[in-house]
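A.B. asks: Prediction below, plus the sequence it came from.
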Amino acid sequence: MFQNFRDNSSKISRRNFLRASLIASYGLTNMNFTVFDDTLKTIKPMALKKGDTIGLVCPAYSAFIKEEVKIAVESLQEMGFKVVLGKHVFDRYGNLAGKDEDRAADINEMFANKNINAIMAMHGGWGSARILQLLDYQNIKKNPKIFIGYSDITALLVGIYSQTGLVTFHGPVGSSTWNSFSVDYFKNILVDANATKMSNPVRKNDALVPMDDRIYTINAGKASGKLIGGNLTVLSHILGSKYVPDFTGAILFLEDVQEDTYRVDRMITQLKLAGILNQIAGFVFGKCTDCPPSKNYGSLTLEDIFEDHIKPLNIPAFSGAMIGHIKDKFTVPIGIEASIDADEGTITLKESAVL
């Protein structure tokens, strides 16, 4: 066994070499290692153009309010796209849009369908991680196309990227508010294929200084690396699986909603204990919508949590970016090289995210 391993060692990354050495030396065949393929090539999907078709799917919660789907379809049509609904969008299995096999089948069929140019989740909820093992990753790799969503869809965004190298997109879902801010970033990145600079809006309204969407600099400076991230809760819950990408040298971005700050602390601590925080080159926290300090006396604030866990990393880091459960959304590609400026609170793509 060792001889066979030695003959193929030149094809194995250093990380996998160490794992294989442990297996060969100690027979640790039953241990649960998360193994990353360092040779995985980045695959960019084709840009969208007017007249292209977007497939709407429900990987998690059911689309039980049909009017929301109708509004989503009309919004995408208003942008010049055709829309096809997944076969199981309106299915119901408890809170889910049908059985796991059916929700996965919709995604697999959308990737295989040559007439579909992009795939968008109708909304999140919970259930995406349940279908990770049911996706046909070879099919996805052979038929790369835009896949976009956020929140619970994080499991699919990072899962598909980790298994295929396909760049995925943390951005609007069908039920999002398709306002000018979100539409502009969506088109800029996915249609115009620009290496876009993402910056928060500056709106004073009737105040002397801007009150909303402010940037909080945790550590000043600039950093570069591949953008990887998504919803904090979802990401922390799939740690240890093979569907988590390699974060070495990455810019980690996070967001969440309706989580008490002690839970945010718990999940960021989990990322820290898993070794992820020590691997990254930069850190961006978007919005934690409706994430108040606990009502108990002495609760930590989000700023306290960043000071405890992120500041000691001594890497450029900021919070407040337009990423999350908010109306004004960036479209953030996962797997694309970017730079951040923690003083300005900006994210700048170094390359186009689509072909």
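C.D. replies: Received, thanks. Predicted, not measured: the structure shown is a model, and the values here were computed from it.
A.B. asks: ok now stretch 84-93, how far from the chain's centre?
C.D. replies: 23 Å (C-alpha atoms, centre = their mean, to the nearest Å).
A.B. asks: Do a quick rundown of the strands in the stretch 151-300 of the chain.
C.D. replies: 168-170, 197-198, 216-219, 222-231, 251-257, 282-289 (DSSP state E, counting those that start in this stretch).
A.B. asks: residue ranges with poor pLDDT in the protein?
C.D. replies: Scanning the chain for pLDDT under 70 picks out the ranges 1-39, 294-298.
A.B. asks: tell me the centre residue of it?
C.D. replies: In the chain, the residue lying closest to the centroid (C-alpha atoms, centre = their mean) is Gly230, at 3.6 Å.
A.B. asks: Tell me the spacing between that residue and Gln258.
C.D. replies: 16 Å (C-beta to C-beta, to the nearest Å). The way it works is simple: take the backbone N, C-alpha and C, and place the C-beta from them, glycine included.
A.B. asks: Helices of the stretch 101-250 of the chain, residue ranges please.
C.D. replies: Applying DSSP state H, counting those that start in this stretch to the stretch 101-250 of the chain gives helices spanning 137-142, 154-164, 180-190, 232-237.
A.B. asks: hang on, Ser339 in a strand?
C.D. replies: Yes: counting by DSSP: H, G, I helix; E, B strand; the rest coil, Ser339 is located in a strand.
A.B. asks: That one against Gly221, yeah?
C.D. replies: No: with contact defined as C-beta atoms under 8 Å, Ser339 does not reach Gly221; the gap is 10.8 Å.
A.B. asks: neighbour count winner among those two?
C.D. replies: The residue with more neighbours, out of Ser339 and Gly221, is Ser339; 19 against 15, by other C-beta atoms under 10 Å.
A.B. asks: Now do Ser199: how many residues are near it, please.
C.D. replies: As a burial measure, Ser199 scores 16 neighbours (other C-beta under 10 Å).
A.B. asks: picking that back up, how about a markdown table for the strands of the stretch 151-300 of the chain, with distance to Ile268 added?
C.D. replies: Formatted as a markdown table, the strands of the stretch 151-300 of the chain follow (distance: least, C-beta to C-beta, whole Å):
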| stretch | distance to Ile268 |
| --- | --- |
| strand 168-170 | 18 |
| strand 197-198 | 22 |
| strand 216-219 | 12 |
| strand 222-231 | 12 |
| strand 251-257 | 8 |
| strand 282-289 | 9 |
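A.B. asks: Can you tell me which of the ones you listed is packed in deepest?
C.D. replies: strand 168-170 (a mean of 27; mean count of other C-beta atoms under 10 Å).
A.B. asks: what helices or strands is it leaning on?
C.D. replies: For strand 168-170, the packing partners by 3 or more C-beta pairs under 8 Å, 6 or more residues apart in numbering; DSSP states H and E come out as strand 146-149, helix 154-164, strand 332-334.
A.B. asks: So Leu300 sits against Pro293, correct?
C.D. replies: Yes: contact criterion C-beta under 8 Å: Leu300 and Pro293 qualify, at 6.9 Å.
A.B. asks: Now list whatever residues contact both of the two.
C.D. replies: Thr261 (C-beta atoms under 8 Å, 6 or more residues apart in numbering).
A.B. asks: Spit out the contact partners of His123.
C.D. replies: Cys58, Ala60, Tyr61, Ala63, Glu68, Ser151, Val173, Gly174, Ser175.
A.B. asks: Can you report how many residues lie near the closest residue to Ser236 other than its chain neighbours?
C.D. replies: Nearest residue to Ser236, sequence neighbours excluded (C-beta to C-beta, 6 or more residues apart in numbering): Met267, at 4.2 Å. Using other C-beta under 10 Å, Met267 has 22 neighbouring residues.
A.B. asks: Gly165 now?
C.D. replies: Gly165 has 18 neighbours, counted by other C-beta under 10 Å.
A.B. asks: Please apply the same query to Val202.
C.D. replies: Neighbourhood size, Val202 [other C-beta under 10 Å]: 10.
A.B. asks: can you check Pro201 too?
C.D. replies: 10.
A.B. asks: which residue packs closest to it, ignoring adjacent ones?
C.D. replies: Leaving aside its sequence neighbours, Pro201 sits nearest to Asp213 (C-beta to C-beta, 6+ apart; 5.9 Å).
A.B. asks: before we move on, what about Asp136?
C.D. replies: Asn108 (4.8 Å).
A.B. asks: do Phe306 as well
C.D. replies: Distances taken as C-beta to C-beta, 6+ apart place Ile218 nearest to Phe306, at 4.9 Å, with adjacent residues excluded.
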